[in-house]
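> Here is my input; please provide its structure:
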Amino acid sequence: MSKTDWTKSFWAKAAAFAIAVILVPVIVVNGVALFYGLEDGWWSAAPDARHSALVTEAVYQRMSDVVGAYRAEQNVEFLSEWYTDPLKTNYRFAIYDEAGAKVFDNITADGEALDVSVPLEGGKGRIESGIAKEFKAQDGIYWTYMLTDSLYKVFRHAIPVLACSAAVLIFLIIYLARVAGRRPGAEGPAAGWQEKIPFDIYLAVVGLGLFGLGALAAEASRFIVWSDLPLYILLDTACIAGAAILCTALWMTFCARVKLGKWWRNTLIFQVLRFLFLAIKWFFRGIGRVISGIPLVWKTALGAALLTVYSLLILIFAMNRVNGAAVVMWILAAVTLFPLAIICALQLRRLQSGGAALAAGDLGARIDTAHMFRDFKRHGENLNDISRGMERAVDQQLRSERLKTELITNVSHDIKTPLTSIINYVDLLKKDDGGQSEEYLEVLDRQSRRLKKLTEDLVEMSKASSGNIPVNASRRSANELLSQAVGEYSEKFAAAELEPVLTLPEEELFVWADGTLVWRILDNIFSNACKYALRGTRFYISAAEQGGKAVMSFKNVSREKLNISADELMERFVRGDAARTGEGSGLGLNIAKSLAELQGGSLELAIDGDLFRADVTLPKAA
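Numbers count the residues shown, from 1 in each chain. Now for the predicted structure:
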C-alpha cells in the first residue's frame with residue numbers, strides 16, 4: 001500500500017487552504033468582541049447593552065441625522081413624519097430652543113431617559129437623546145443592541161479561541177508555504193497557472209481586490225448601525241473571507257515562485273526594465289560601432305572641433321556676464337578633459353613601452369590591453385599579435401634548422417653505413433679467389449637495396465611535404481581497402497607472429513580518397529607493426545564513422561619500450577627504438593601523415609604504456 005505524500009496531495013492542500021480561509025473571519029470576530037469587551041469593561045460585569053459603545057454610536061448617528069435635517073429645514077413638521085411612530089424607531093429625543101423651551105420631542109412612555117445632551121450649532125438650542133424603554137422597532141439601535149449581546153457571548157471565550165485559531169492558522173501558513181509549487185509526479189517545484197502570470201500584475205490584481213473588498217466592508221459597517229444587521233454582518237464576513245482567499249493564494253504563489261528561483265524575472269517591471277536596458281545597450285553599442293569605424297585622425301579632429309566650440313561657449317558666457325554658467329562649464333571641462341588626457345597619456349606610455357620591448361627583441365613581452373580605449377586597445381593587440389607571430393616564426397625557424405641538422409646527420413649516417421659496406425665488400429670481392437664471392441654478392445645486394453630504399457624515401461618525403469604528389473580521389477570502400485591490405489600482408493603477419501583482428505562496420509563505409517595513396521599509408525603502418533610489434537600478440541584493425549568522417553584505427557603492443565612521445569615519433573628519421581638497431585629510414589609515419597593530409601584527412605598517434613595506436617581519418621563519401 002503506497003504512502004500518501006501530503007506535500008503533493010491536492011485534497012490535503014485544498015483542505016488546508018479552506019481551513020485557513022475560514023479561520024480568518026473567526027479570528028476577526030473574536031478580535032472585535034475582545035476589543036469592545038475591553039472598551040466597555042466586560043471583564044468585571046455583564047455589559048449594559050443599552051449603554052454599550054455600539055448602541056451609543058447608533059444613537060449618535062441618529063442624532064447627527066436629526067440635527068442635520070433640523071438645521072436645514074428649521075421646522076419640526078418632517079420630524080413628526082419620521083420619528084413619532086414607535087414601531088419605526090427606538091430613538092428618543094427632545095429639541096430645545098435658545099430660551100430652553102421644548103420645540104419637539106417623541107418620548108412615548110414614562111422612564112425613557114434622555115442621557116445625551118448636545119448644544120446645537122450657533123447657540124440655537126440643544127438636543128437631548130436617548131433610547132426607548134422597550135424596543136418595539138427593529139431599527140439600527142435594536143440591531144446594535146442585539147449585536148452587543150452576541151459579542152458578549154463571543155467575548156467570554158474569545159481569548160482561548162483566538163489563541164487556538166492563531167496557532168492553527170500559523171501552522172497552516174507554514175504548511176502551505178511548504179507544499180506550494182509541488183505537483184504529483186514532479187521531483188522538484190513546478191509552475192502552475194498562477195506562476196505563469198507576471199507577479200507584479202498578480203500583485204496588482206490582488207491589491208485591487210483587497211481595496212474593493214475593504215471599501216465594501218467599510219460601507220457595510222457604516223450601515224450596520226441603522227439598518228438590517230444580519231445582512232450587513234453576512235456581507236462583512238464575505239468580504240473578510242474573500243480577502244483571506246486572495247492573501248492565501250498570494251502567499252502560496254509567492255512561495256512557489258521563490259522555490260522556482262529568480263521569481264523577479266516573471267514580472268512586467270523586470271521585462272520593461274530589461275527591454276530598456278537592452279535598447280540603451282544596443283543604442284550605445286551602435287554609437288560605439290559608428291565611432292569605432294571613424295579613423296583615429298578624424299576622431300582627433302572631431303574632438304578638437306568640439307573642444308573649440310565648447311571653449312567658445314565658455315568665452316561667450318563669460319563676456320555676457322553669465323559667470324555662473326561659464327564657471328560650471330569650465331569645471332565640467334576640468335573634471336572630464338584633464339583625467340581623460342592623463343588616461344590617454346598613460347595608455348600611450350604603455351604602448352610605447354611594449355613597442356620598445358618588442359624592438360629590443362623581447363618576444364615574450366605582452367601589453368596589458370585591459371581597460372584601454374578602443375583604438376589604443378586595437379593597437380596594443382596588434383603589437384601582441386606581432387610578438388606572438390615573431391615568436392612562432394622564430395620557433396619554426398629553430399625547428400627547421402634542427403630538422404635540417406637532423407636530416408644531414410641522419411642521412412649521412414644512413415647513407416654512410418650501406419655505402420661503407422658496399423665499398424668494403426667490393427674490395428673483398430676483388431681480392432677473393434671465388435670461395436666467398438656468393439656471400440659477398442648477397443651482402444652487396446642487401447646494402448644496395450637499403451641504399452635505394454633510403455633514397456626513394458627521401459624523394460617521396462620531399463614530394464609529400466611539398467604537395468607535388470598528384471591526388472586522384474574517388475569514392476572507395478574502406479572495408480575493401482582494409483580487407484585487401486590485410487590479405488596482402490597475411491604472410492608478413494605470419495612471419496612476424498602477429499594475429500590481425502579486422503573489425504568492419506556492417507554497412508559498407510565509403511571514403512573519398514586516392515586508393516594508391518591509401519595503400520601507401522596502410523603499407524607504412526602495417527610494415528611498422530611487423531617490425532616493432534611484440535611477437536605472439538594481436539594487431540587490431542577497425543573502421544568506423546565518427547563525426548561525419550571515416551576513421552581507420554590500428555592498435556598493437558610494442559616489442560620495445562616506447563620511451564618517446566607520439567609527437568616525437570612522428571618526426572622525420574625517428575624510430576621507436578632509440579638505438580636505431582633496426583632497418584628503415586624512420587620516414588614512414590611522417591610520409592603517411594603527409595599523404596593523409598594531401599587527401600584532406602589526418603594521421604594521429606597515441607601511446608599508452610606499450611600500447612601503440614594510429615588513427616587515419618579520411619573524408620567520408622556518401
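
> Which positions within the strand or helix carrying Ile240 qualify as buried?
Assessed by DSSP states H and E, Ile240 sits inside helix 229-260. Buried residues in helix 229-260, defined by neighbour count with 16 or more other C-beta atoms under 10 Å: 229, 232-233, 235-237, 239-250, 252-257, 259-260. In this view, the C-beta of every residue, glycine as well, is placed from N, C-alpha and C.

> From Glu195, how far out is the most centrally placed residue in the chain?
In the chain, the centroid-proximal residue (C-alpha atoms, centre = their mean) is Lys262; its distance is 9.5 Å. From Lys262 across to Glu195, the span is 12 Å (C-beta to C-beta, to the nearest Å).

> Now for the residue nearest to the centre of the chain: which residues touch it?
Contacts for Lys262 (C-beta atoms under 8 Å, 6 or more residues apart in numbering) come out as none.

> What of Met63?
Applying C-beta under 8 Å, 6+ apart, the residues near Met63 are Tyr91, Phe93, Val116, Val118, Ile127, Ser129.

> just those: which has the poorest pLDDT?
Looking at those by pLDDT, the weakest one is Val116, with 75.

> if I look at the residue lying closest to that one once chain neighbours are set aside, how far off is Val154?
Once flanking residues are discounted, Val116 sits nearest to Ser129: 4.2 Å by C-beta to C-beta, 6 or more residues apart in numbering. Separation of Ser129 from Val154 (C-beta to C-beta) stands at 28 Å.

> One more: Met390?
From Met390 to Val154 the distance is 94 Å (C-beta to C-beta).

> So which of the two has more stuff around it?
The residue with more neighbours, out of Met390 and Val154, is Val154; 18 against 13, by other C-beta atoms under 10 Å.

> The more buried one sits in which helix or strand?
If you go by DSSP H and E, Val154 is part of helix 140-155.

> That helix - what's its average pLDDT?
Averaged across helix 140-155, pLDDT comes to 78.

> That one versus helix 229-260: what angle between them?
Counting by axes from the mean of the first three to the mean of the last three C-alpha atoms, to 10 degrees, helix 140-155 lies at 50 degrees to helix 229-260.

> And the furthest pair within the contacts of Met63?
Largest separation among the contacts of Met63 by C-beta to C-beta: Tyr91 and Val118, giving 13.7 Å.

> Now do the helix or strand hosting Leu605: distance to the chain's middle.
Here Leu605 sits within strand 602-608, counting by DSSP H and E. Computed by C-alpha atoms, centre = their mean, to the nearest Å, the chain-centroid distance of strand 602-608 equals 39 Å.

> Now the residue nearest to Val116. Its backbone dihedrals?
phi -130, psi 160 (degrees, to the nearest 10).

> Go ahead and confirm it touches Ile107.
No. Using C-beta atoms under 8 Å, Ser129 makes no contact with Ile107, being 11.1 Å away.

> Compare neighbour counts for those two and give me the winner.
A count of neighbours by other C-beta under 10 Å puts Ser129 above the other of Ser129 and Ile107, at 21 against 16.

> Just grab the bridge partners of that one for me.
Residues in a beta bridge with Ser129, per DSSP bridges, are Phe93, Val116.

> what sits against it?
Val59, Tyr60, Arg62, Met63, Tyr91, Arg92, Phe93, Leu114, Asp115, Val116, Ser117, Val118.

> go on, Val24?
Leu169, Ile240, Ala241, Ala243, Ala244.
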